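Asks: Attaching a predicted model along with its sequence, questions to come.
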Amino acid sequence: MAEESTNFVHAIINHDLETNKYQQKVHTRFPPEPNGYLHIGHAKAICLNFSTAEKYHGLCNLRFDDTNPMKEETEFVESIQEDIHWLGFDWQDRMYYASNYFEQLYQYAVKLIQDGKAHVCDLNPEEMKEYRGSLTEPGRNCPCRNRSVEENLQLFQDMRNGKFQEGEKVLRANIDMASPNYNMRDPVLYRIQYSNHHRTGDSWCIYPMYDFAHPLSDAMEGITHSICTLEFENHRPLYDWVLENCGIINGPQQIEFARLNLTHTVMSKRKLRYLVENKLVTGWDDPRMPTISGLRRRGYTPGAIRDFCDRIGVSKANSMVDIGLLEHCIREDLNKNASRVFAVLDPIKVVITNYPEDQTEMLTVENNPEKPEEGSRQVPFGREIYIERDDFMENPPPKYYRLSPGKSVRLKSAYIIDCQEVIKDENGNILELHCTYDKDTKSGQDKSGRKVKATIHWLKAEESIPAEIRIYDHLFAKENPDDIAPGEDFTQNLNPNSLQVKQNARIEASLQNAKAPQNFQFLRIGYFVPDYDSSPEKPIFNRIVSLKDTWAKVQKKNESV
Ligand code: ATP
Ligand code: MG
């Protein structure tokens with residue numbers, strides 16, 4: 001017996017189980033078109049299809065919907081498999097291609113012709129448009145609608161055999177040119193296309209339309225619940241018409257849900273592809289991209305993405321989800337699991353003038369306060385250290401509690417230091433700070449009674465190593481990148497500051513050999529992961545997300561209103 005339903009799709013399935021519609025079977029599929037990399041919207045569909053099958057002890061297939069040879073490539077087929085596995089789902093031995101069914105689909109089309117339910121049409125696109133009518137006007141039957149079955153069969157075979165040019169003929173269903181639903185006004189089932197297909201090569205020059213191929217592919221695989229996005233709702237009568245008229249009894253049913261839209265990003269593969277092809281990003285896996293491969297490189301974990309998909313839920317109403325929620329999910333995961341380390345993004349040197357020159361002292365630092373079982377490590381401390389340039393101000397405003405001339409701060413897990421002198425070059429640029437430390441204030445053994453208002457992070461200069469740090473912001477400055485003036489295009493909303501590179505950062509030497517997906521909290525700065533380009537000679541880290549949780553804050557405010 002299934003658990004209590006948690007969304008409307010599950011409610012439909014529960015009902016089907018009660019009425020025994022599919023002999024207690026639940027079989028779903030995820031049907032990507034291999035014309036790009038998967039994005040976070042696809043993750044929603046993947047989670048829904050695979051988790052639904054799991055919940056009901058059913059099955060979920062992976063099916064490549066490769067009916068459009070123009071844009072499809074093997075590279076995409078491979079990346080899609082990698083991404084689904086990475087998310088933690090598995091189709092076992094059920095990976096299929098719509099192109100595997102081309103012969104069967106052709107035979108179904110022949111059957112429709114034999115039954116007088118489809119015809120070969122000669123109209124060109126403009127004529128076809130004219131015959132289709134409008135919202136207020138019914139369409140008219142195409143003059144070719146009266147062709148005999150024999151003639152249609154011959155013409156369709158000639159289409160297959162390459163006797164016509166592209167666009168010269170199509171196969172159309174005979175449904176109802178007066179239907180209020182455009183999709184039912186004698187829709188096209190097959191078109192001619194002379195392009196090489198990534199799997200079938202040149203063996204076909206006619207290709208089935210999605211609306212014809214999809215229901216039949218579902219049926220051939222024994223799918224029970226064909227879950228798709230809302231824009232196909234008006235296609236459902238056609239989905240059902242194809243099944244019924246091809247003689248399929250008790251076939252699959254289409255269920256539509258709202259697609260995911262996220263603020264500050266675009267989700268259409270066409271647009272993502274445009275960004276890649278025009279080098280507006282470094283590739284499909286640019287850490288700013290909403291693609292699964294981009295999120296992976298950025299340092300997102302599969303758990304955080306699945307958590308996000310759970311939280312947004314499944315509904316029938318289109319909406320825009322705040323990207324802050326996605327960031328909240330990864331932050332929660334990292335707060336629990338990331339090791340804490342010291343790194344200084346924009347270093348300024350501090351010389352502790354009363355500390356012995358050749359002395360190095362090892363201090364104990366906790367690895368993760370959220371996981372005491374991960375213990376602690378030893379961090380070197382000495383006369384020369386780096387602190388963050390931000391943590392010093394020569395002329396601070398009131399209430400600035402970090403370092404400034406004559407003021408004191410605590411160095412995390414070390415001592416309190418007092419700023420004595422600012423050393424500058426001849427142009428007035430700050431070279432270094434001279435401070436003294438108070439040896440009675442060692443963390444954990446401090447009996448001095450001294451109180452300071454701020455604690456800052458630091459690194460012993462000599463033992464620290466240089467690193468490049470990449471700080472990312474939203475790919476698009478506007479919440480809705482499609483909000484554009486006439487004549488503009490969406491790339492005008494790209495955020496010019498979406499990548500900021502810190503070339504002179506310093507990190508703990510322990511990070512030299514770190515490799516993704518191992519992630520870290522750089523204390524007081526944010527969460528980071530080694531980039532794919534990182535090497536022990538040149539460590540490079542991506543900022544996954546900052547520490548500040550704007551989304552959680554907004555939620556709190558909303559609750560208190
Ligand atoms: P795009 O418009 O970005 O090209 P698509 O829907 O054409 O997307 P497909 O490869 O056909 O891309 O999608 C595979 C499956 O993923 C479909 O079932 C589709 O409905 C679903 N899907 C695509 N985008 C989203 C989204 N933003 N939210 C939820 N599901 C989505
Ligand atoms: Mg599609």
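Replies: Sure thing, it's come through. Ligands and ions are numbered 1, 2, ... in the order given.
Asks: quick one: the strands in the stretch 151-300 of the chain?
Replies: Secondary structure of the stretch 151-300 of the chain (DSSP state E, counting those that start in this stretch): strands located at 170-173, 188-192, 206-208, 225-229, 253-257, 260-262.
Asks: Which positions within stretch 102-112 qualify as buried?
Replies: Residues 102, 105, 106, 108, 109, 110, 112 are the ones in stretch 102-112 that count as buried (16 or more other Cβ atoms under 10 Å). Quick note: C-beta positions are derived from backbone N, CA and C, even for glycine.
Asks: Next one: the third one from residue 191, what distance?
Replies: Relative to residue 191, residue 106 is positioned 13 Å away (criterion: Cβ to Cβ, to the nearest Å).
Asks: Need the residues touching each of those two.
Replies: Residues touching both residue 106 and residue 191 (Cβ atoms under 8 Å, 6 or more residues apart in numbering) are residue 206.
Asks: Residue 131 touches residue 139, doesn't it?
Replies: Yes. Contact status for residue 131 versus residue 139: in contact at 5.6 Å, counting by Cβ atoms under 8 Å.
Asks: Could you tell me which residues touch both of those two?
Replies: With Cβ under 8 Å, 6+ apart, residue 131 and residue 139 have common neighbours residue 177.
Asks: number of nearby residues for residue 78?
Replies: By other Cβ atoms under 10 Å, 11 other residues sit near residue 78.
Asks: buried residues in the helix or strand containing it?
Replies: For residue 78, the host element (DSSP states H and E) is helix 74-87. By 16+ other Cβ under 10 Å, the buried positions in helix 74-87 come out as 76, 77, 79, 80, 81, 83, 84, 86, 87.
Asks: how about the third one, what does it touch?
Replies: Counting by Cβ under 8 Å, 6+ apart, residue 79 touches 37, 38, 284, 293.
Asks: let's go with 6 Å and repeat that
Replies: Under the criterion of Cβ atoms under 6 Å, 6 or more residues apart in numbering, the contact partners of residue 79 comprise residue 37.
Asks: Please read off the pLDDT at it from the model.
Replies: According to the prediction, residue 79 has pLDDT 97.
Asks: Roughly how far does it sit from ligand 1?
Replies: 12 Å (Cβ to the nearest ligand atom, to the nearest Å).
Asks: Against residue 378, how distant is that residue?
Replies: Residue 79 is 42 Å from residue 378, by Cβ to Cβ.
Asks: try the fifth one
Replies: Taken as Cβ to Cβ, the spacing of residue 81 relative to residue 378 amounts to 44 Å.
Asks: and the residue in the chain that ligand 1 sits nearest to, which of the three is it?
Replies: Across the chain, the shortest distance to ligand 1 (Cβ to the nearest ligand atom) belongs to residue 41, at 2.2 Å. Under DSSP: H, G, I helix; E, B strand; the rest coil, residue 41 falls in the helix class.
Asks: Pull the contacting residues for it.
Replies: Shown in contact with residue 41 (Cβ under 6 Å, 6+ apart): 259, 260, 267.
Asks: which ones are touching residue 237?
Replies: 181, 184 are the contacts of residue 237 under Cβ under 6 Å, 6+ apart.
Asks: one step back: now the buried residues of stretch 102-112 in JSON lines, with distance to residue 401?
Replies: Formatted as JSON lines, these follow (distance: Cβ to Cβ, whole Å):
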{"residue": "102", "distance to residue 401": "71"}
{"residue": "105", "distance to residue 401": "71"}
{"residue": "106", "distance to residue 401": "76"}
{"residue": "108", "distance to residue 401": "75"}
{"residue": "109", "distance to residue 401": "76"}
{"residue": "110", "distance to residue 401": "81"}
{"residue": "112", "distance to residue 401": "78"}
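Asks: Of the contacts of residue 41, just the buried ones, PyMOL syntax please.
Replies: In PyMOL, a selection of the buried entries from those looks like this (16+ other Cβ under 10 Å):
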select buried, resi 259+260+267
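Asks: what does this structure put close to ligand 1?
Replies: Within the chain, the residues that sit near ligand 1 (Cβ under 6 Å from any ligand atom) are 31-33, 41-42, 44-45, 65, 228-229, 259-260, 267-269.
Asks: Now for those residues: which two are most distant?
Replies: Greatest spatial distance in these: 65 and 260, 18.8 Å, computed using Cβ to Cβ.
Asks: Residue 414 is in contact with residue 437, correct?
Replies: No. Residue 437 lies out of contact with residue 414 (Cβ atoms under 6 Å); the separation is 8.0 Å.
Asks: Run a quick neighbour tally on residue 92.
Replies: 9.
Asks: what does residue 12 give?
Replies: Residue 12, neighbours per other Cβ under 10 Å, totals 16.
Asks: ok, now which ones touch the closest residue to it other than its chain neighbours?
Replies: The spatially closest residue to residue 12, leaving aside those adjacent along the chain, is residue 255, at 6.0 Å (Cβ to Cβ, 6 or more residues apart in numbering). Going by Cβ under 6 Å, 6+ apart, residue 255 touches 9, 12, 225, 227.
Asks: Please produce JSON lines containing those residues, extended by pLDDT and distance to residue 275.
Replies: As requested, these are exported to JSON lines (pLDDT from 0 to 100; distance: Cβ to Cβ, whole Å):
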{"residue": "9", "pLDDT": "97", "distance to residue 275": "32"}
{"residue": "12", "pLDDT": "97", "distance to residue 275": "37"}
{"residue": "225", "pLDDT": "98", "distance to residue 275": "34"}
{"residue": "227", "pLDDT": "98", "distance to residue 275": "28"}
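Asks: top of those residues by neighbour count?
Replies: Neighbour-wise, the contacts of residue 255 (other Cβ under 10 Å) top out at residue 225, 26 neighbours.
Asks: For it, name its beta-bridge partners.
Replies: residue 253 (DSSP bridges).
Asks: ok but residue 365 is inside a strand, no?
Replies: Yes. Secondary structure of residue 365 (three-state DSSP): part of a strand.
Asks: Under the pLDDT cut-off, which ranges of the chain? List them.
Replies: For the chain, residues meeting the criterion pLDDT under 70 lie at 1-5, 554, 556-561.
Asks: change it to 50
Replies: For the chain, the stretches flagged by pLDDT under 50 are 1-5, 561.
Asks: Show me the domain layout of it.
Replies: 8-259, 269-339+467-560, 343-457 (automatic domain parsing).
Asks: about what we covered before: now the strands of the stretch 151-300 of the chain in JSON lines, with distance to residue 120?
Replies: Converted to JSON lines, the strands of the stretch 151-300 of the chain look like this (distance: least, Cβ to Cβ, whole Å):
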{"stretch": "strand 170-173", "distance to residue 120": "6"}
{"stretch": "strand 188-192", "distance to residue 120": "9"}
{"stretch": "strand 206-208", "distance to residue 120": "11"}
{"stretch": "strand 225-229", "distance to residue 120": "28"}
{"stretch": "strand 253-257", "distance to residue 120": "27"}
{"stretch": "strand 260-262", "distance to residue 120": "40"}
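Asks: Mind checking these for the one nearest to residue 420?
Replies: Of all the strands of the stretch 151-300 of the chain, strand 260-262 comes closest under Cβ to Cβ, at 50.2 Å.
Asks: And stretch 268-288, how far out from the chain middle?
Replies: How far stretch 268-288 lies from its chain's middle: 12 Å, per Cα atoms, centre = their mean, to the nearest Å.
Asks: First-to-last residue distance for that stretch?
Replies: 15 Å (Cα to Cα, to the nearest Å).
Asks: One more: stretch 195-208?
Replies: Across stretch 195-208, first to last residue, Cα to Cα, it's 14 Å.
Asks: quick one: buried residues of that stretch?
Replies: Burial within stretch 195-208, assessed by neighbour count using 16+ other Cβ under 10 Å, is assigned to 197, 198, 199, 200, 204, 205, 206, 207, 208.
Asks: Same question for stretch 447-454.
Replies: residue 452.
Asks: Stretch 53-73 now?
Replies: Buried-residue list, stretch 53-73, by 16+ other Cβ under 10 Å: 53, 56, 58-69, 71-72.
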